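K.L.:
Sequence first, then the predicted structure, then my questions.
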Amino acid sequence: MPLIFDCDTGIDDSLALLYLLAHPSADLRAVLSTGGNVPTDVVCANNLAWLQLCGRDDIEVCVGADGPLETPLMTTEETHGPLGIGYAELPVATSTQSHRDAADAWIELTAENPGEYVGLVTGPLTNLALAIRRDPLLPSRLRRLVIMGGVFHQGGNTTPTTEWNIAVDPEAAKEVFAAFGQDGTPRPIICPLDLTETIRMTPDHLGRLAALAESSPVEQPGPDDEPGTRSVADNVIVRHLVDAVRFYFEFHEAQSEGYIAHMHDPFAAAVALDPSITGIRHACVDVEVDGTLTRGTTVADERGFWNRPVNAEIATTTEPDLFFDDLIDRIAAFAIAVQNSSTVS
Ligand code: BDR
Ligand code: CA
């Protein structure tokens, strides 16, 4: 399954990337970098670093726009760490970004293989919106599009009513949703916060992953640890993952969510590879861009009040235990494979 992954890496984006690299069904062709959790150039550096660490620097990495369509970029280092990957310090990649920008990659890859690509966006929708501005037929060339973003029936994580990816660039999100709904164009599957906040990674999950990856010592971060404790795991992927996710645990605990981490983006990655893991609700989805209190709010018309075509499928159900079993098994096996083939430590 050829995939385009557009992300703002990001701790949970990092896990989504590892999951895609680990999954036998995923043929990751391009990783596109959007500013969001951290600035675009830092996102790009993270993507290059993860891919090189995993021995996959053959995969194209593109830089996207410097910031949102109409507003300055806001970033959230307090959530994802100074460089977007928590406490992890990845070796700086010697590989370099692609000659083409992220929007052109969306356009050109889908033009080369119409109807083949699955698109996955786990950051703001800036690059995809720019691509659709340049090439309005792009949506019709996708096989599937999965978006982590928005919130519909609960409070937000950025303002009282907004989810981060949409709040960073509401205009982009509005333009992307408006580009779908025509006959023959696949509707994006939206994985909203309502659902992804049920994907709660716990220290036990990380411990299981380390043990399955035959990493030593098996570390299980906990709330009593000194904040910022660094991993000494001998498996390189496990070591960086523990350092990254520890930061996310500490952030969620500071938000009174408990010593857990919401794995929004890996869930969207799993849906991209297999939409049958979630239930679906059809709706016309739009984004408020004018509200003084509600700018960036996603609104779903599920009952046809607007008399506008359905343009999205909203993911509604999940089985977190099954999801984590799959994620842990695949990333652990991948971590062993990387370790065995790696000269990096
Ligand atoms: C989304 O915001 C980002 O901080 C995460 O990476 C995820 O994509 C959740 O609201
Ligand atoms: Ca993200």
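P.N.:
Structure's in. What do you need? Ligands and ions are numbered 1, 2, ... in the order given.
K.L.:
Please list the residues of the protein that sit near ligand 2.
P.N.:
Proximity of the chain to ligand 2, by C-beta under 5 Å from the ion, involves residues 8, 10, 13, 122, 123, 265. (C-beta placed from N, C-alpha, C; glycine too.)
K.L.:
Does the fifth one touch residue 5 like I think?
P.N.:
Just to be clear, that refers to residue 123. No: using C-beta atoms under 8 Å, residue 123 is not in contact with residue 5, being 9.8 Å away.
K.L.:
Now do the contacts for residue 103.
P.N.:
64, 65, 127, 128, 130, 131, 134 (C-beta atoms under 8 Å, 6 or more residues apart in numbering).
K.L.:
Just confirm the fourth one is within a helix.
P.N.:
Yes: according to DSSP: H, G, I helix; E, B strand; the rest coil, the state of residue 128 is that of a helix.
K.L.:
Show me the strands in the protein, by range?
P.N.:
2-7, 27-33, 60-63, 118-121, 144-148, 189-191, 200-201, 261-262, 280-287, 298-301, 312-315 (DSSP state E).
K.L.:
So which elements touch the third one?
P.N.:
Strand 60-63 sits against strand 27-33, helix 40-53, helix 102-112, with contacts defined as 3 or more C-beta pairs under 8 Å, 6 or more residues apart in numbering; DSSP states H and E.
K.L.:
mind redoing it with 10 Å?
P.N.:
strand 2-7, strand 27-33, helix 40-53, helix 102-112 (3 or more C-beta pairs under 10 Å, 6 or more residues apart in numbering; DSSP states H and E).
K.L.:
gap between that strand and the chain center?
P.N.:
Using C-alpha atoms, centre = their mean, to the nearest Å, the mean C-alpha position of strand 60-63 is found 15 Å from that of the whole chain.
K.L.:
So what's the residue count around the residue nearest to residue 200 when sequence neighbours are not counted?
P.N.:
Setting aside the residues directly before and after it, residue 200 is nearest to residue 260 in space (C-beta to C-beta, 6 or more residues apart in numbering), at 4.5 Å. Residues within reach of residue 260, counting by other C-beta atoms under 10 Å, total 17.
K.L.:
Would you mind measuring from the residue in the chain positioned nearest to ligand 1 to residue 198?
P.N.:
Relative to ligand 1, the nearest point of the chain is residue 164 (3.4 Å; C-beta to the nearest ligand atom). Distance of residue 164 to residue 198, computed by C-beta to C-beta, to the nearest Å: 17 Å.
K.L.:
out of those two, which sits in the busier spot?
P.N.:
More neighbours surround residue 164 than the other of residue 164 and residue 198, with 25 against 14 (other C-beta under 10 Å).
K.L.:
Pull the contacting residues for the more buried one.
P.N.:
For residue 164, the contact set (C-beta atoms under 10 Å, 6 or more residues apart in numbering) comprises 8, 10, 36-37, 74, 76, 79, 123-124, 148-149, 151, 156-158, 193, 264, 296.
K.L.:
picking up where we left off before, which among the helices and strands packed on strand 60-63 is found nearest to residue 271?
P.N.:
The closest of the helices and strands packed on strand 60-63 to residue 271 is strand 2-7. By C-beta to C-beta, the value is 12.3 Å.
K.L.:
pLDDT value on residue 184, please?
P.N.:
Predicted confidence (pLDDT) at residue 184: the value is 82.
K.L.:
How many residues are close by the nearest residue to it once chain neighbours are set aside?
P.N.:
Of all residues not flanking residue 184 in the chain, residue 140 sits nearest, at 6.0 Å (C-beta to C-beta, 6+ apart). Neighbour count for residue 140, taken as other C-beta under 10 Å: 16.
K.L.:
Likewise for the one 10 residues further on?
P.N.:
Neighbourhood size, residue 150 [other C-beta under 10 Å]: 27.
K.L.:
Run the angle between the longest helix along the chain and helix 40-53 for me.
P.N.:
Ranked by residue count and defined by DSSP state H, the top helix of the chain is helix 320-341. Taking axes from the mean of the first three to the mean of the last three C-alpha atoms, to 10 degrees, one finds helix 320-341 and helix 40-53 inclined to each other by 70 degrees.
K.L.:
CA atoms only for helix 320-341, dumped as CSV, please.
P.N.:
Presented in CSV, the C-alpha positions along helix 320-341 are these (Å, rounded to 0.1, in the frame of the first residue of the first chain):
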residue,chain,number,x,y,z
PRO,A,320,-7.4,0.3,22.4
ASP,A,321,-6.1,-3.0,23.7
LEU,A,322,-6.1,-4.6,20.3
PHE,A,323,-4.5,-1.5,18.9
PHE,A,324,-1.7,-1.5,21.4
ASP,A,325,-1.1,-5.2,21.1
ASP,A,326,-0.6,-4.6,17.3
LEU,A,327,1.6,-1.5,17.8
ILE,A,328,3.8,-3.1,20.4
ASP,A,329,4.3,-6.4,18.5
ARG,A,330,5.2,-4.6,15.3
ILE,A,331,7.5,-1.9,16.7
ALA,A,332,9.3,-4.5,18.9
ALA,A,333,9.9,-6.8,16.0
PHE,A,334,11.1,-3.8,14.0
ALA,A,335,13.4,-2.6,16.8
ILE,A,336,15.1,-6.0,16.8
ALA,A,337,15.5,-5.9,13.0
VAL,A,338,17.0,-2.4,13.1
GLN,A,339,19.4,-3.4,16.0
ASN,A,340,20.6,-6.5,14.1
SER,A,341,21.3,-4.6,10.9
